[in-house]
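please work out how this folds:
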Amino acid sequence: RVAVLLGLMLGLKELQENFIRCSREKTPMIASYGEEIFCMYTKSYVFCFPAIATGVLLLLMGRDLLQKRLYYGILKSGAAISFSENVAHKDPFFIAMVVNFLHCIAFYVFTLNILARGGDQVIDTPDLKVQKQVLHLLQATSAPTLFASLGKNHTHAAMMGAERVALSGGVSYETIKLLVMHFMPSLLIIVFIYLAYDITITLVPLSEYLKAFEAEDTSPVPDLCTFKDAIAKKLLEKAPELIRTCEGDLERLYEIVVDKYRRHRSELQTGVIRSKSIMVPEKTEAESPRWGKRMKTLSSIGLTKSLWPADTLMRRDISGDIPRNFRLFWSIFTVIAMLWLLNLQVFLLWVLVKEVKEIMMYDFAETIPLTVVLAHMVAVTIIMYVYCKTLAPLATTQSRMSPRIA
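Numbers count the residues shown, from 1 in each chain. I've put the predicted structure just below:
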């Protein structure tokens, strides 16, 4: 996915140089002002698609890193998190990416329509070295006048006609090739992201996980239970208090969370016999019907909120070398992601400046693509904020002091 996306981003410069110009002066085959506006509008999505696709891809990568670590940690404590309610067609960012891609398809169809009108000359192709004077004279209606003005005789007719055909076919071929080179990677990215949205596909099968403990004749999940990721998120909202209770032990924290769910799951699942608490006596926390009602009404978690495990995993008051190493790894990954997103913002800013220059020359139609670019810049900014937020626990928490040896 990353390789395809990089290839798409690197091809933007060639697209900028060789795609049609959305102006009736530069592209005479654009028939009306409405077509000119449509060309500007859809073309802006072509250059913004890598930005929204990269943002969604980075959110998926970060989500997988954080949620998988949380999943296996809680699994060792006797519970499996379910992600079945998180589907791509409900996620606003994925929907925005698909809408962007549909606009790209509209631009591709529009470009092919321009070529079908015989407007293949409007595409600039550096590889075909033909003088402008020759191109102009080739359009003359009188063949004798044409050749006389060029100082040629009729023996050159076949050669010049062949050059004319080669120009037409070559430009059309180059244009179609650019469309295919941009369309296919975009389509692959959409498919890849859609398939990767379901995180359960990439999780280790539970049977294989349990098989690893057969040699020890023990099972890490003697009484396995299952709950939604939204419930896990709700239970871990009180992580600061629980961490102080378990003295910074992450495994102990997971056990407390799983135990709390076990004591309340009868409020969520009818017909399930409530197991006894293995952590806290039953009488210490009375069950409330409101707890089960709140848990049942929790909504699915979209990509912008999918990095929520960082609120717990990035806390500095969680002790141990493994949590500390993960905090370092995630910090490095976040810096790389932020640099990548910043690079996208610079590119979008460059496109924005070009649009502003056109508007300053009283080409007010450029306000349409300007709005599209601004919307994508806002989307990338939101993703940058989501990543920055994952590092907040590093600043708001303090490392636990190691006990002093007398």
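
would you say R21 is within a helix?
No: R21: not assigned to a helix; according to DSSP: H, G, I helix; E, B strand; the rest coil it is coil.

how near is it to I382?
Look at R21 and I382: by Cβ to Cβ, to the nearest Å, they are 32 Å apart. All C-beta atoms are positioned from the backbone trio N, CA, C, and that covers glycine.

can you pull the phi/psi pair for the residue lying closest to D249 once chain neighbours are set aside?
Leaving aside its chain neighbours, D249 sits nearest to S319 (6.9 Å; criterion: Cβ to Cβ, 6 or more residues apart in numbering). Per-residue torsions, S319: phi -90, psi 160 (degrees, to the nearest 10).

do I have it right that S319 meets R252?
No: S319 is not in contact with R252 according to Cβ atoms under 8 Å; the separation is 10.5 Å.

ok, T27 to E36 distance?
8 Å.

cool, and R117?
For R117, the distance to E36 - Cβ to Cβ - is 14 Å.

higher neighbour count, these two?
Between R117 and E36, counted using other Cβ atoms under 10 Å, E36 has the larger neighbour count: 18 against 12.

now do the SS call for that one.
With three-state DSSP as the criterion, E36 reads helix.

residues touching it, list them.
E36 makes contacts with 22-24, 30, 365, as judged by Cβ atoms under 8 Å, 6 or more residues apart in numbering.

any of those residues buried? List them.
Burial by neighbour count, 16 or more other Cβ atoms under 10 Å: within those this picks out 22-23, 30, 365.

quick check, nearest of those residues to L342?
C22 (28.6 Å; Cβ to Cβ).

and the nearest residue to that closest one once chain neighbours are set aside, how many neighbours?
Nearest non-adjacent residue to C22, counting by Cβ to Cβ, 6+ apart: C39, 3.7 Å away. Burial of C39 is recorded as 25 neighbouring residues (other Cβ under 10 Å).

likewise L6?
So L6, with other Cβ under 10 Å, has 13 neighbours.

contacting residues around M61?
M61 makes contact with A337, according to Cβ under 8 Å, 6+ apart.

now with 6 Å, please.
Applying Cβ atoms under 6 Å, 6 or more residues apart in numbering to M61 gives no contacts.

name the helix or strand for it, please.
Here M61 sits within helix 33-76, counting by DSSP states H and E.

just A379 next, same as before
helix 367-390.

which strands and helices sit next to that helix?
Using 3 or more Cβ pairs under 6 Å, 6 or more residues apart in numbering; DSSP states H and E as the contact test, the elements touching helix 367-390 are helix 33-76, helix 321-360.

just checking, which helix or strand of the protein averages the lowest pLDDT?
Lowest by mean pLDDT, DSSP states H and E among the helices and strands of the chain is helix 132-138, with a mean of 43.

which SS class is T226?
Per three-state DSSP, T226 ends up strand.

I'd say it and A80 touch.
Yes: with contact defined as Cβ atoms under 6 Å, T226 reaches A80; the gap is 4.8 Å.

those two - which one has more neighbours?
Using other Cβ under 10 Å as the criterion, T226 and A80 rank with A80 on top: 16 against 13.

can you give me the helices in the stretch 51-200 of the chain?
Secondary structure of the stretch 51-200 of the chain by DSSP state H, counting those that start in this stretch: the helices cover 92-116, 132-138, 143-150, 157-196.

cool, and the stretch 201-350 of the chain?
Using DSSP H, counting those that start in this stretch, helices in the stretch 201-350 of the chain cover 206-211, 229-235, 239-245, 250-264, 289-296, 310-313, 321-360.

point out the most buried one among those helices.
helix 310-313 (a mean of 23; mean count of other Cβ atoms under 10 Å).

check which element follows the helix holding A379 along the chain.
Going down the chain from helix 367-390, the next helix or strand is helix 392-396, by DSSP H and E.

could I get the average pLDDT for that following helix?
Across helix 392-396, pLDDT averages out at 91.

residues making contact with that helix?
The contact list for helix 392-396, computed with Cβ under 6 Å, 6+ apart, reads 314-315.

and it, which residues are buried?
Going by 16+ other Cβ under 10 Å, helix 392-396 has these buried residues: P393.

just the CA coordinates for that helix, please, in CSV.
Output of helix 392-396 as CSV, limited to C-alpha atoms (Å, rounded to 0.1, in the frame of the first residue of the first chain):
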residue,chain,number,x,y,z
ALA,A,392,-0.2,14.0,25.2
PRO,A,393,0.1,11.3,28.0
LEU,A,394,3.9,11.7,27.8
ALA,A,395,3.5,15.3,28.9
THR,A,396,0.7,14.9,31.4
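
if anything else comes up later, I'll come back, but that's it for now.
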